[in-house]
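Peer 1: dropping the sequence and predicted coords here.
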Amino acid sequence: MLPVGGHETGQMSRTKGEALRAWLWVGLCALTIFLVVPFARAIQKFTAAHFGESFFIVLLLAVAALVFIAVLYVLIARLKVRRISQYFWLAFFCGLYFYVGLARINNPVQAAHYIEYGLLGWLLVRAWSFTVSGPAVYAAAFLSGGLVGVVDEIIQWVTPARFWDLADVGLNVLAVGLILLAIGTGLRPKLGPAGVSRRAVRVVSILLAVDLVVLGLCLSNTPARLKALAGKLPFLAPLERQEPMRETILKHADPEIGTFYSRLTPASLPAMDRGQAEAYGPILAEWKDKGYDQFLILYSTLDHPFLHEMRVHIFRRNRRLAAARAASRAETKKKEYWIAWKENRILEKYFGETLRKSPYLWDVETSAEAASSIDKSAPYDSPVSRNVFYWLKEGPMWAGIAVIVLALAGINVVLARKPRPA
């Protein structure tokens, strides 16, 4: 356990065996995160069938509440902490962790990962406290937590029926960061001298460089590059059928709707709609009552970008319509109807011919229902097909990474040559 108290200097004398156990716990937590990936869909279906869709959300609330109560007990009853600021910051960041989880999580797999990454943040602080001291412990814990998050998504990418999603990396890293903030401002463990040592700078520099290079490689993993690589390494050929890590995504502005994103140009969207409506309409009808995830795998963005994107827009529209009908609060109902209506306008305007040949065309009553209480002119930004770095060009990205890595190397060289204080 971390020595908790104020900002006093000095670390408790701890053995190599304790450090080894701390890192074993980190490894076990990371391994659990990775092992969950191949079974995530099965776990989701099982818990939904036996405990309901909200099972992991309730579990998240229960775990967060129990941990908060346990920490309060330690601070009040055992450590006799009297600083009000510690309780304030602990409550604030635990509450923020709780709020972000409720606001951002929409499926059991995300909820399970959110809990796991919160635990990982705690374990990483404890493990790194044996190697570095002071504020560098938090930087090392955050960067190594981010690396676990990226590797987690890479494993998801190579797993059939799972996808690479940089937004999930962000959510997982956010969970680590919020826990670190709660520890640093609320628990205030004794992590050694407040200054930054050469070893701390070296450790943080290496972690940051590795994070940037690994993330850069992921963002450079385009379908064309993977195909070329699979030609030289045949065992990579099955990965060509996976959802790409990085694609060319175009942002389209529509004065009526707002903005949406597509792999197709504004000219090719209507052309594809007119040319493929007769073929695509029956496909959508055939798959109406079949698995959504399986449809996206079979009709991937590699081979059928138009059909893939259309089906995702339909899914988002229908899900938001159902949420609007189920909502009890007028404000929530209005927001869900607005999203459903905007997604339907994208479908009608850019996928219209195919939509009319499919079973997904809204009737007049449904359109009127969605439009009755919303502001149609309010700008909308559809997240379908959007990714965080859709705007990022590969050349400038690697140039930026190279500059940062060289700067980190330079800082470490200067520090290595600097005489040690007597």
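Peer 2: Structure received.
Peer 1: from here on, just use CA atoms for contacts and neighbour counts.
Peer 2: Fine.
Peer 1: who does the worst-scoring helix or strand of the chain on mean pLDDT touch, helix- and strand-wise?
Peer 2: Every helix and strand in the chain was compared by mean pLDDT, DSSP states H and E; the lowest is helix 40-51, with a mean of 71. On a contact count with 3 or more CA pairs under 8 Å, 6 or more residues apart in numbering; DSSP states H and E, helix 40-51 meets helix 108-128.
Peer 1: could you list the domains of the chain?
Peer 2: Annotated domains of the chain cover 16-196, 250-381 [automatic domain parsing].
Peer 1: pipe the ones you listed into a markdown table and attach mean neighbour count and distance to Ser220 per row.
Peer 2: Formatted as a markdown table, these follow (neighbours: other CA atoms under 10 Å; distance: least, CA to CA, whole Å):
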| stretch | mean neighbour count | distance to Ser220 |
| --- | --- | --- |
| domain 16-196 | 18 | 13 |
| domain 250-381 | 17 | 16 |
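Peer 1: nearest to Met397, of those?
Peer 2: Closest to Met397 of those, according to CA to CA: domain 16-196, at 15.9 Å.
Peer 1: now do the buried residues in the helix or strand containing Ile206.
Peer 2: For Ile206, the element it lies in under DSSP states H and E is helix 198-219. By 16 or more other CA atoms under 10 Å, the buried positions in helix 198-219 come out as 198-212, 215, 218-219.
Peer 1: from Gly149, how far out is the most centrally placed residue in the chain?
Peer 2: Nearest to the mean C-alpha position of the chain, by CA atoms, centre = their mean, lies Asp168 at 1.3 Å. Distance, Asp168 to Gly149, using CA to CA, to the nearest Å: 8 Å.
Peer 1: before we move on, back to that, now do the contacts for the residue nearest to the centre of the chain.
Peer 2: Residues in contact with Asp168 (CA atoms under 8 Å, 6 or more residues apart in numbering) are Gln110, Glu153.
Peer 1: equivalent analysis for Trp128, please.
Peer 2: Contact analysis of Trp128 by CA under 8 Å, 6+ apart lists Val137, Ala140, Ala141.
Peer 1: which residues are contacting the helix holding Ile206?
Peer 2: 132-133, 136-137, 139-140, 143-144, 146-147, 150, 245-246, 394, 397-398, 401, 404-405, 408-409, 412, 415-416.
Peer 1: if we can go back for a sec, worst mean pLDDT among the domains of the chain?
Peer 2: The weakest mean pLDDT among the domains of the chain belongs to domain 16-196, with a mean of 84.
Peer 1: can you pull out the helices in the stretch 301-422 of the chain?
Peer 2: Ranges of helices in the stretch 301-422 of the chain, per DSSP state H, counting those that start in this stretch, are 305-326, 330-350, 352-356, 364-371, 394-417.
Peer 1: hmm, back to that, the stretch of helix or strand the residue nearest to the centre of the chain belongs to to helix 198-219, inter-axis angle?
Peer 2: In the assignment (DSSP H and E), Asp168 maps to helix 166-182. Going by axes from the mean of the first three to the mean of the last three CA atoms, to 10 degrees, helix 166-182 is angled at 160 degrees with respect to helix 198-219.
Peer 1: which elements pack onto the helix or strand containing Ile283?
Peer 2: Here Ile283 sits within helix 268-286, counting by DSSP H and E. The contact analysis (3+ CA pairs under 8 Å, 6+ apart) places helix 268-286 against helix 305-326, helix 330-350, helix 352-356.
Peer 1: in a strand, Ala253, correct?
Peer 2: Yes: per DSSP: H, G, I helix; E, B strand; the rest coil, Ala253 lies within a strand segment.
Peer 1: could you shift the numbering so residue one becomes 17, and keep it that way?
Peer 2: All right, first residue 17 from here; so that's Ala269.
Peer 1: separation between it and Ala301?
Peer 2: 30 Å.
Peer 1: same thing with Thr31?
Peer 2: Thr31 sits 65 Å away from Ala301, taking CA to CA as the criterion.
Peer 1: what of Ala216?
Peer 2: Counting by CA to CA, the gap from Ala216 to Ala301 is 59 Å.
Peer 1: what's the answer for Ala384, then?
Peer 2: Using CA to CA, Ala384 is found at 24 Å from Ala301.
Peer 1: skipping adjacent residues, who's closest to Glu169 in space?
Peer 2: In space, not counting the residues next to it along the chain, Glu169 is nearest to Trp180; the distance is 5.5 Å by CA to CA, 6 or more residues apart in numbering.
Peer 1: helix, strand or coil for the one you found?
Peer 2: When classified by three-state DSSP, Trp180 comes out as coil.
Peer 1: give me every residue that touches it.
Peer 2: By CA under 8 Å, 6+ apart, the contact list for Trp180 reads Glu169, Ile170, Gln172, Trp173, Glu259, Pro260, Met261.
Peer 1: could you name the helices and strands sitting against the helix or strand harbouring the first one?
Peer 2: Assigned by DSSP H and E, Glu169 falls within helix 152-174. Packing partners of helix 152-174 (3+ CA pairs under 8 Å, 6+ apart): helix 32-52, helix 124-144, helix 182-198, helix 214-235.
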